[in-house]
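Student: the following block contains a protein sequence and its predicted model.
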Amino acid sequence: AAVLPLAAPVRALGPSEVTVTVDGASARPIGGARRVGVNIEMSITSDEMWAADGNWMEQTFAAGSLSMMRWGYDAWAFNWETEEPLSPARYWGGLNTHDAAGTFGLREFIDFCKRQSIVPFVMIPLESLDTFGGEATLEQIQDLTASMARYIADQGIELCYFDMGNEVWNHGADGLDNARYLGGLYPEFQRIVKQANPNFRLVLQRAPENILWNRWNDTLVEASGGAFDAYDDHRYAFYGWDKYFDKDGDDILTPGKPIEGKEAILGECDIGWTPIQDNWAAGHVRDLGGGMALLNALLDMVNRESYDQILTWPSHWPSKASITNDGMDNAFGWFDLDAWYLTGDTQRFTGPVLAHRILNQNVLDNTLEASS
C-alpha cells in the first residue's frame, strides 16, 4: 500500500475581534423551574461528613443555588424522632457505620434549608406500613407525620412539601386494590400536614407512565378525591449517555401527563445516574460530558415549563458503598462516597455538580436576542 506523506502542520490563527450586539428591548422572561434542586441521602450522611474539612459538603450545597431539597433516602423506613429504622424490612442500610458522630437527620436538614432559604421536601414513610409489608401501623405513620409537620412549622418554615412515600408501587403497593387503599389515606394526611401550617402541601407520588402503571395512577388519583396539592414524577433514562448523540434531540426525559389544578414536581431525574453502555457493573456517568448531555434534556423540560420544581437524583454520592451491585466501582454524583469512607478524601466537583452550577448560576432570568 502506498504511504501518504504527512500533512504539513497548520499554524494556529491569532485572536479575532468579535462584536456582540444585544437587543435589550427584546427581553422576555424564561418560564419553567428557575432553579433545580437535589435529593439528599439522609441515612448515608453523618454529622461528621457534613462538617468535615471546613464544612465542605454543607458549603458545596450552599453554593449550588438550590431551590428545593428532598430529604429522602431511607426516609420511607425511618423514624425521624429517634433517627433509627422504623421498619427494618424496608430499610436499605446506612446509618453511617463508618462514622461515630451520628446521623444527618431531619433536624439538621431543616436547619440547613432554613438558613439557605431552600424549600424542604420531606417524605412520609408509607412504605413502612404493615399493609405494604412493613412493620408500622397506620396510626404510627400518622403520628410521625404529625410530629414531623409540627416540628418543621415550629422552626419557622412557612412552605414545606410532604411526599406520600417514595415510589410506593415498588414497595408492596402495586395492585389496584392497594392504589385505592393508598388514595383513601390522602384526605387524613392532608389534614395532618395542614393542621401544622395551612400552607404546607401534600404531594401525590405517581408511578412511571406506561401501559402497566397508567391504570394504577388513575385509580390512585380517583381514590384520593383531590386531597393533594401537587404530584411528584420520577424520570430516568436507563441507557448510556453516549447514546444521546445518536438521537436527533434531547427529549430523553419525557414529562408526565399534567393533573389539572395541581402543582407539578419532578422529584427525581437524571444527572449522573445513567449506566455506562447499559452496564450497571461498569459504573455510572460522572464526567462533565455526561452531565452536560443529561443537562440538555433537563433544560428542555425547564423551557417547556413541564414542572414547577425539578430535583435531580442522585444529589451527591450513591456508589458501591450505598448500592450493592457487584462490581460497581465507579462512584458518581456530586461527591465520591467511597473516597470519603475508604481514604478520607473529599472529592467534590464531578460532572453532575458542575452541570448543576451551570444551570443554577449561569442561566439568566430573561432571554435576549443577540447577534455577532
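Tutor: Thanks, I have it.
Student: now the lengthiest helix in the chain: average pLDDT?
Tutor: Assignment by DSSP state H gives helix 176-196 as the longest helix of the chain. Averaging pLDDT along helix 176-196 gives 97.
Student: and the angle for the host helix or strand of residue 145 with helix 176-196?
Tutor: Using DSSP states H and E, residue 145 sits in helix 138-154. Regarding helix 138-154 and helix 176-196, their directions subtend 30 degrees when assessed with axes from the mean of the first three to the mean of the last three C-alpha atoms, to 10 degrees.
Student: buried stuff in helix 138-154?
Tutor: Residues of helix 138-154 classed as buried by neighbour count (16 or more other C-beta atoms under 10 Å): 140-142, 144-146, 148-149, 151-153. For glycine as for every other residue, the C-beta is placed from the backbone atoms N, C-alpha and C.
Student: for the longest helix of the chain, packing partners?
Tutor: In this structure, helix 176-196 packs against helix 138-154, strand 161-164, strand 201-205, helix 214-224, with contacts taken as 3 or more C-beta pairs under 8 Å, 6 or more residues apart in numbering; DSSP states H and E.
Student: and the shortest one, what does it pack onto?
Tutor: Pointing back at strand 161-164 there. strand 119-124, helix 176-196, strand 201-205.
Student: among the ones you listed, which is nearest residue 226?
Tutor: Taking C-beta to C-beta as the criterion, residue 226 comes closest to helix 176-196 out of the helices and strands packed on strand 161-164, the separation being 8.5 Å.
Student: list the buried ones in that closest one?
Tutor: Buried residues in helix 176-196, counted by 16+ other C-beta under 10 Å: 178-179, 181-183, 185-186, 189-190, 192-194, 196.
Student: CA atoms only: put that helix into PDB for me.
Tutor: As requested, C-alpha coordinates have been extracted for helix 176-196 and formatted as PDB (Å, rounded to 0.1, in the frame of the first residue of the first chain):
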ATOM      1  CA  LEU A 176     -55.300  -1.600  42.100                       C
ATOM      2  CA  ASP A 177     -56.700  -2.500  45.400                       C
ATOM      3  CA  ASN A 178     -53.700  -1.100  47.100                       C
ATOM      4  CA  ALA A 179     -53.900   2.000  44.900                       C
ATOM      5  CA  ARG A 180     -57.500   2.500  46.200                       C
ATOM      6  CA  TYR A 181     -56.400   2.000  49.800                       C
ATOM      7  CA  LEU A 182     -53.500   4.400  49.400                       C
ATOM      8  CA  GLY A 183     -55.600   7.000  47.700                       C
ATOM      9  CA  GLY A 184     -58.100   6.700  50.500                       C
ATOM     10  CA  LEU A 185     -55.400   7.800  53.000                       C
ATOM     11  CA  TYR A 186     -54.800  11.200  51.400                       C
ATOM     12  CA  PRO A 187     -57.600  13.200  53.000                       C
ATOM     13  CA  GLU A 188     -56.400  12.400  56.500                       C
ATOM     14  CA  PHE A 189     -52.700  13.000  55.700                       C
ATOM     15  CA  GLN A 190     -53.600  16.300  54.000                       C
ATOM     16  CA  ARG A 191     -55.500  17.400  57.100                       C
ATOM     17  CA  ILE A 192     -52.500  16.400  59.300                       C
ATOM     18  CA  VAL A 193     -49.900  18.400  57.400                       C
ATOM     19  CA  LYS A 194     -52.200  21.500  57.000                       C
ATOM     20  CA  GLN A 195     -53.000  21.400  60.700                       C
ATOM     21  CA  ALA A 196     -49.400  22.300  61.300                       C
END
